[in-house]
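A.B. asks: what shape does this take:
(chains A and B)
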Amino acid sequence: MKLRIITIVLFTLLQLAMAQEADYLFQQGNTHYQNGEYEQATEDYEAVLQQGYESAELYYNLGNAYYKTNQLGKGILNYERAHELAPKDPDIQYNLEIARLRVVDKIPEPPPYFLLSVWNTAKNVLTLSQLSILAIALWILFVFIVVLRWLVRKKFVSQLTRLTFMPVLILLLFFTFMFAVRFQEHTTTREAIVIVDKVDVTSSPSQDAQQVFSLHEGVKVNITESSSDYYRIRLRDGKIGWLSQNTVELI
Amino acid sequence: MGAEPLSVTTSVDKTQLAVNQQLLFTVELSGEAAQKVGNPELPSMNGYLNYLGSRGTSQNISFVNGKMSVSKSFNYYYMAAKEGTFTIPSVKVSYKGKTYSSKPVQITITKSASAGQKSGSQQSQQRLSQEESNEITDELMLRAVVDRKNVYQNQPVIVTYRIYARVNVSSYGISKLPELTGFWAEDFQMPSNPATRQHVINGKRYTVADIKKQALFPTSPGDKTIGPMVLECDVRVRRNTNRDIFDSFFDDPFFGRSVRKKVSSKPVKINVIPFPSENKPADFSGAVGDYTFDVSVDKKDVETNEAVTLKVTISGTGNIKLLPQPGVQIPPDFEQYDPEMRQNIQRSGNTISGQKTFEYVLVPRFPGKQRIDPVTFSYFDPKTKQYHTLKSEEIVITVRKGDDQFVASSGSGLSKREVELLGKDIRFIKLSSDDFQRVGSRFYSSFLFYALAMGPLLLLGVAFAYKSHVDKLHQNEAYARSRKANAIAMKRLGKAKAVLDENSQKEFYAEIADALYGFVADKLNKEKAGLVRSELENEFEKHSIDPNVQSEYFDLINKCDFMRFAPSTVKLEQMKEFYQRAKQVIIKLEKAL
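C.D. replies: Have a look, this model is predicted:
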């Protein structure tokens, strides 16, 4: 028992120390960045990730450092990661937009149906994490109301539970549904960014396959399948092909 | 002819001729009306003769016996096209509603000695000499001499305008340049004072000079005509010796008279053969001649955004000016500008030659190995009558990443906002981050999430179990009471029976009432004290109790209440009967409740 307490205490302390180390490296990276030493800045930021810590700000700064060292692909990759963690952040949106302008391949996006675009916007108002927190909170509230209703036979309480039961149930179902849809989407769609200057996309997953088209650094692709060293990708405009796994990095 | 106002006669210069020879066809109109009618309509020659052109008209007016007679001649040139005997149909001319026609003329066309498409220069030279002697009959002539009459499209015809003179030409000037429809002309450089040479033709000595030389490139297949060129010459004329003495005074070189004379060359017919279709390369675009071809780049190892010059040089003989731009496939990773074209043409001797250079400025925008596919160039060699395809080597350019910032692909399709953003720098980094979390840790994949999702379920389960336990207990009490109701009632009735005595009638009726009330209260799980009649009636209605039983029950209750407080005495028999009635009602209610 004693040993266990000591282990827990030590572990917590270690965690705390590592978090401080992460923050220290982050600040060091910032200093390098401010001095224009972008290469060192990327090393510092990457070291934070190596420590096992991440944050929207870290990915954003790392994206900036990569952008400044002309590594557009990695820049966009990190902006995308930052954007996923903090989709409302205007700085991340702005820099991601600028970086995307530098991408050679302009992939035309088929215009979405009005209703579909409304749904997509509505669906993405909250992040997946926020949706999950909301759904859990509603679930706990709902259970609380039900338990009150069952166990407490006071007039005031039964009136209150009768009034709140339906609205909470409807909200719970709605947000659980949204969360399920987004979670499904999150687990099934895998996106990646091209991180090499140029990659030839071929018609089949082999070295001597015929080239279908080529992509350049920074393009976002959807991965629909993977086979040994290759990914089967799909672009927003519907083009499909295979590319080597080491030419892209998953977001 | 007197009566007829118009007569039409036709004649040919020869009735026997060979294929490719020329025929002069003359239509003569004579009579009073000759001047009033228009040009005669030419008959169809059925493919035997090809129309070359009109040589003009001549008019002859004469007075015979005080009467004016007019004749008008139209001269046309034809070329014999195929062998056979052919009758030139009559020429019809309408005048005042009446049609006048000539007699048909029969001609025979024989196989030409130089038939076929041999274009050996010796042979054509020979034929020319033959024609030369036929044509040069005058003292001053201008001839358009071509080196060949059958050419492929874009194969040059060298036409030399040659002047033949037996007179002294002091100066000349071109008053009309030949009409060259369907040709692209390149002039050869000629000395301003053409060299003269002596020629003896038909025993006569001529001074011959080439005054203009052109290479004509036919631009499309078919029959083409080099139009006549008109030359104005100042000629010194010597007097005839049989003139009078006064005139002969001037008859010496110093006092020779200068006369302006116009000479015109005859039109020349050129047959342009289309390109053979067999073995025609796909990229052939009309280059004819003999060429060499070179493709090169100035550097093969560059940084991004450093310009590379790709040079395509085509040199040789042929129509350099009309050479098309070769199809160079530039990889899309290069920014490409319109090629700069330079050409250098030599017009000397009997050939047009030179070289044409296309310079492509390419700016690589992206690093990597860039391949420029081999460039091909196809041409047709009329000498061997074959197509040739020249192919360059593949060029590999290694592009290294330069130091400069990204250069946006100067693109179309950018919105106004995007264009504004293009020049902007990214925003500055964030200086602090207070929410470091473990990489990949998301609330929805954490233990806490599942605990919070499952925990309430457990709570719900526990709460439900407790609730159902309480409910069941509650339910059991009522059930037990209901089950026991009969026994208790019977027990009370038993008590009543025990006090069945005239002296203790109050106790008897109290016990009966207690049994009746208690039984119903137990059955309905209600407090005995709280039961009122109206409530009981409701409950009985709910359980649809027989109205007779109801009234009996209430009757008994009423009687009990009455008897408990009444001073009167009842007989034992009546009490026994009452006891039986109460027992019956309880049995009946037991069945229904």
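
A.B. asks: could you list the domains of the chain?
C.D. replies: Defaulting to chain A. Chain A breaks down by automatic domain parsing into domains covering A:2-101, A:114-188, A:190-250.

A.B. asks: hm, I was asking about chain B
C.D. replies: B:1-114, B:117-274, B:282-400, B:472-592.

A.B. asks: which SS class is the residue of the stretch 451-593 of chain B found nearest chain A?
C.D. replies: At 3.6 Å from chain A, B:Pro456 is the closest residue in the stretch 451-593 of chain B, using C-beta to the nearest C-beta. Every C-beta, even on glycine, is put in place using the N, C-alpha and C of the backbone. Using DSSP: H, G, I helix; E, B strand; the rest coil, the structure places B:Pro456 in helix.

A.B. asks: and for it, the neighbour number?
C.D. replies: Other residues lying near B:Pro456 total 20 when counted by other C-beta atoms under 10 Å in any protein chain shown.

A.B. asks: which ones are touching it?
C.D. replies: Residues counted as contacts of B:Pro456 (C-beta atoms under 8 Å, 6 or more residues apart in numbering or on different chains) are A:139-140, A:142-144.

A.B. asks: any chance of those residues in JSON lines, with pLDDT too?
C.D. replies: Shown next, in JSON lines, are the contacts of B:Pro456 (pLDDT from 0 to 100):
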{"residue": "A:Trp139", "pLDDT": "92"}
{"residue": "A:Ile140", "pLDDT": "92"}
{"residue": "A:Phe142", "pLDDT": "92"}
{"residue": "A:Val143", "pLDDT": "91"}
{"residue": "A:Phe144", "pLDDT": "90"}
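
A.B. asks: re earlier: so which of the domains of chain B comes closest to chain A?
C.D. replies: domain B:282-400 (4.9 Å).

A.B. asks: that closest one near chain A at all?
C.D. replies: Yes: using C-beta under 8 Å from any C-beta of the partner chain, domain B:282-400 reaches chain A at B:333, B:365-368.

A.B. asks: which among those end up buried?
C.D. replies: B:333, B:365-368 (16 or more other C-beta atoms under 10 Å in any protein chain shown).

A.B. asks: how about a markdown table for these, with secondary structure and distance to A:Phe11 added?
C.D. replies: Below are these laid out as a markdown table (DSSP: H, G, I helix; E, B strand; the rest coil; distance: C-beta to C-beta, whole Å):
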| residue | secondary structure | distance to A:Phe11 |
| --- | --- | --- |
| B:Asp333 | coil | 53 |
| B:Arg365 | coil | 52 |
| B:Phe366 | coil | 49 |
| B:Pro367 | coil | 47 |
| B:Gly368 | strand | 49 |
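
A.B. asks: now for those, which pair is the farthest apart?
C.D. replies: Across those, the longest distance by C-beta to C-beta is 10.5 Å; it joins B:Arg365 and B:Gly368.

A.B. asks: shared neighbours, these two?
C.D. replies: B:Asp333.

A.B. asks: so for A:Leu96, what's the pLDDT?
C.D. replies: You'll see A:Leu96 listed with a pLDDT of 90.

A.B. asks: which of the three states applies to it?
C.D. replies: A:Leu96 - assigned by three-state DSSP - is helix.

A.B. asks: who are the contact partners of it?
C.D. replies: A:63, A:76, A:79-80, A:83.

A.B. asks: counting by contacts, list what the strand or helix carrying A:Phe177 packs against.
C.D. replies: Using DSSP states H and E, A:Phe177 maps to helix A:155-188. The contact analysis (3 or more C-beta pairs under 8 Å, 6 or more residues apart in numbering or on different chains; DSSP states H and E) places helix A:155-188 against helix A:114-123, helix A:128-151.

A.B. asks: which strands and helices sit next to the last one?
C.D. replies: Right, the one you point to is helix A:128-151. Using 3+ C-beta pairs under 8 Å, 6+ apart: helix A:128-151 touches helix A:155-188, helix B:447-498.

A.B. asks: what's the closest of these to B:Pro324?
C.D. replies: Of the helices and strands packed on helix A:128-151, nearest to B:Pro324 by C-beta to C-beta is helix A:155-188, at 53.5 Å.

A.B. asks: rewinding a little: just checking, which of the helices and strands packed on helix A:155-188 sits deepest inside the structure?
C.D. replies: Comparing the helices and strands packed on helix A:155-188 on average neighbours per residue, with mean count of other C-beta atoms under 10 Å in any protein chain shown, the densest one is helix A:128-151 at a mean of 18.

A.B. asks: check which residues of stretch A:168-184 are buried.
C.D. replies: Applying 16+ other C-beta under 10 Å to stretch A:168-184 flags A:168, A:171-172, A:175-176, A:178-179, A:182-183 as buried.

A.B. asks: want to throw the residues you listed into JSON lines with pLDDT?
C.D. replies: As requested, the buried residues of stretch A:168-184 are exported to JSON lines (pLDDT from 0 to 100):
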{"residue": "A:Val168", "pLDDT": "93"}
{"residue": "A:Leu171", "pLDDT": "94"}
{"residue": "A:Leu172", "pLDDT": "93"}
{"residue": "A:Phe175", "pLDDT": "92"}
{"residue": "A:Thr176", "pLDDT": "92"}
{"residue": "A:Met178", "pLDDT": "91"}
{"residue": "A:Phe179", "pLDDT": "91"}
{"residue": "A:Arg182", "pLDDT": "89"}
{"residue": "A:Phe183", "pLDDT": "90"}
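
A.B. asks: and of those, the nearest to chain B?
C.D. replies: Nearest member of the buried residues of stretch A:168-184 to chain B, counting by C-beta to the nearest C-beta, is A:Phe183, at 6.7 Å.

A.B. asks: residues contacting the closest one?
C.D. replies: So A:Phe183 contacts A:128, A:132, B:444 (C-beta under 8 Å, 6+ apart).

A.B. asks: and the helices in chain B?
C.D. replies: Ranges of helices within chain B are B:121-135, B:245-248, B:416-422, B:447-498, B:505-524, B:533-542, B:547-565, B:572-592, based on DSSP state H.
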